[in-house]
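J.: I'll drop the sequence and a predicted model, then ask my questions.
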Amino acid sequence: DTGVSQDPRHKITKRGQNVTFRCDPISEHNRLYWYRQTLGQGPEFLTYFQNEAQLEKSRLLSDRFSAERPKGSFSTLEIQRTEQGDSAMYLCASSSPRVAGAPYNEQFFGPGTRLTVL
Amino acid sequence: KQEVTQIPAALSVPEGENLVLNCSFTDSAIYNLQWFRQDPGKGLTSLLLIQSSQREQTSGRLNASLDKSSGRSTLYIAASQPGDSATYLCAFYNQGGKLIFGQGTELSVKP
């Protein structure tokens, strides 16, 4: 197992274009999280999946953003009609199934996708 | 609103110094707390995870402590090296299992 992977690592696009990022979690991890990190700030939660179900979305996730995890394995995050304010690092993390009564399991992060919107 | 504050925002020290990074959080009902390292333009590397029932964790030259009652955690780095230069992020797992991050402390260790 090679850990969480993300593709692409870097994406430069023009304002108004659509972009899609992919995240492959650690195998058998049922939870998958997306975070966004702007320059000089800590990451902020966007959304998460448990298996194929999207259980929570942040207010940061405007209607231009959509995330999917169709078979409970990899996930995609699409941004439509990109704006310069979307420029950020998009981080994906996964965690193993939680044991009842135990604290939430550790999240493992991928290398991130850096998006630059010109 | 659940918040995490990290002080200082930036720190520059000469090589060999011991140093302490501070993290405070507003929600005492946290679960685990985790310290990460982030190199410029890179993803997050987990350093230490402290479970809610624990008071501290150690790994090599790093020691992290957790005091839930006061809402504070510290990361102690012994005998700092230029390779320790990076941004250090503190984050806690809230009741829903999400990570809530601070803004980070940017550390520079001068040779």
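T.: Cool, the structure landed. Residues are numbered from 1 along each chain as shown, chains lettered A, B, ... in the order given.
J.: got the contact list for residue 40?
T.: Chain wasn't specified; assuming chain A. A:Gly40 is in contact with B:Gln103, counting by CB atoms under 8 Å, 6 or more residues apart in numbering or on different chains. In this view, the C-beta of every residue, glycine as well, is placed from N, C-alpha and C.
J.: I was after chain B.
T.: So B:Pro40 contacts B:Ala86, B:Thr87 (CB under 8 Å, 6+ apart).
J.: B:Pro14 now?
T.: Contacts of B:Pro14 (CB under 8 Å, 6+ apart): B:Val109, B:Lys110.
J.: right, and A:Gly42 touches B:Gly104 too?
T.: Yes: under the criterion of CB atoms under 8 Å, A:Gly42 makes contact with B:Gly104 at 5.6 Å.
J.: and these two? which has more neighbours close in?
T.: B:Gly104 (26 against 22; other CB atoms under 10 Å in any protein chain shown).
J.: Contacts only, for A:Leu115.
T.: A:Leu115 makes contact with A:Lys11, A:Ile12, A:Thr13, A:Val19, A:Phe21, A:Ile79, A:Thr82, A:Asp86, A:Ser87, A:Ala88, A:Met89, A:Tyr90, according to CB under 8 Å, 6+ apart.
J.: What sits closest to B:Leu66 if chain neighbours are left out?
T.: Spatial nearest neighbour of B:Leu66, excluding adjacent residues (CB to CB, 6 or more residues apart in numbering or on different chains): B:Ile50 at 4.5 Å.
J.: for that neighbour, phi and psi?
T.: Here is the backbone geometry of B:Ile50 (degrees, to the nearest 10): phi -110, psi 120.
J.: still on that earlier bit, among the contacts of A:Leu115, which ones lie close to chain B?
T.: Contacts with chain B within the contacts of A:Leu115, counted by CB under 8 Å from any CB of the partner chain: A:Met89.
J.: A:Arg36 pairs with what?
T.: With DSSP bridges as the criterion, A:Arg36 is bridged to A:Glu44, A:Tyr90.
J.: buried ones in the helix or strand in which B:Leu75 is found?
T.: Assigning secondary structure by DSSP states H and E places B:Leu75 in strand B:72-77. By neighbour count on 16 or more other CB atoms under 10 Å in any protein chain shown, the buried set for strand B:72-77 is B:Ser73, B:Thr74, B:Leu75, B:Ile77.
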